[in-house]
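Novice: Test case, fold it:
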Amino acid sequence: MYMPLMVNIRRAVVFGGERGEGLQKSQKLALFADELLIVPEAPMATSTLVFPAGKLSEVKEKLELPRQREIPVHPVVAADCDLEAVIRDATFIVSDLLDEHLNQRIAKAGERAGVLVNVIDTKPLCNTWFMSLIETPHLLAGLSTKGQAAFFSARLRKKLEPWFARQEKEADFWIKVRQFLPSGSVMATLSTLENSWTLKLVRRALGYSTALRLAHRRIQKHLVKESPQ
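Specialist: As a prediction, the model looks like this:
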């Protein structure tokens, strides 16, 4: 059984991450992984791959790298490297090698190490797969056909991106409202505010800034009423 989770990717390794689909995954992981290593399929003249800030060349989603990253390239090619040593302490490994037997070895090494593994276009060797992502400053959603038809996830993502963009102001509003609340009364107070028709009308007619001030006043009034005299 699979369950979508947000994972803190402290260290990721991409075998064959210097070209093709592997490069796309390297660029995508550069957005999220604290540490990233590329293990090339063939010898490379460079010791790093530079991903400039902004829209990444191989990533199809509307995702932007906030700052330039220089990703180290392992000096030994995938076929000759010490797999266990390279995988050690990794959170997630990806493989996009032409050598199917080597992909199998990498998947087994990852399984032994208890690491999340994705072998591109080889679902039987995966315990994790990539989702098609939609991201705004306050929202992040992943779409998946459970590893069966990635093209459809991408098509659905394009349809949903405009809707998510419209929801960004709403998400920003509720995040700011939540910051006004003490930890003990968050859910009950948010539920009350969410069901307030007055607040909904103010958001629609006068905008989010005015609605935020109204929500703040209501929260302050509620807190004063509940505080011990």
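Novice: Excluding residues flanking it in the chain, which one is nearest the residue nearest to the spatial centre of the chain?
Specialist: For the chain, Phe32 is the residue whose C-alpha lies nearest the centre (CA atoms, centre = their mean; 6.0 Å). Among residues not flanking Phe32 along the chain, Ile9 sits closest, at 5.4 Å (CB to CB, 6 or more residues apart in numbering). Backbone N, C-alpha and C define where each C-beta goes, glycine included.
Novice: Surely that neighbour and Ala90 touch.
Specialist: No. Between Ile9 and Ala90 there is no contact under CB atoms under 8 Å: 9.1 Å.
Novice: Please say which of those two ends up with more neighbours.
Specialist: Ala90 (21 against 17; other CB atoms under 10 Å).
Novice: Where does pLDDT dip in this structure?
Specialist: Applying pLDDT under 70 to the chain flags residues 184-185, 223-229.
Novice: And the strands in it, which stretches?
Specialist: Using DSSP state E, the strands of the chain run over 11-15, 35-39, 48-51, 54-55, 64-65, 69-72, 92-95, 116-119, 132-135, 140-143.
Novice: Which of the residues in stretch 92-109 are classified as buried?
Specialist: In terms of neighbour count (16 or more other CB atoms under 10 Å), stretch 92-109 has its buried residues at 92-97, 102-103, 105-107, 109.
Novice: Which residue ranges of the chain form helices?
Specialist: 20-30, 83-87, 100-112, 150-179, 186-194, 197-206, 208-226 (DSSP state H).
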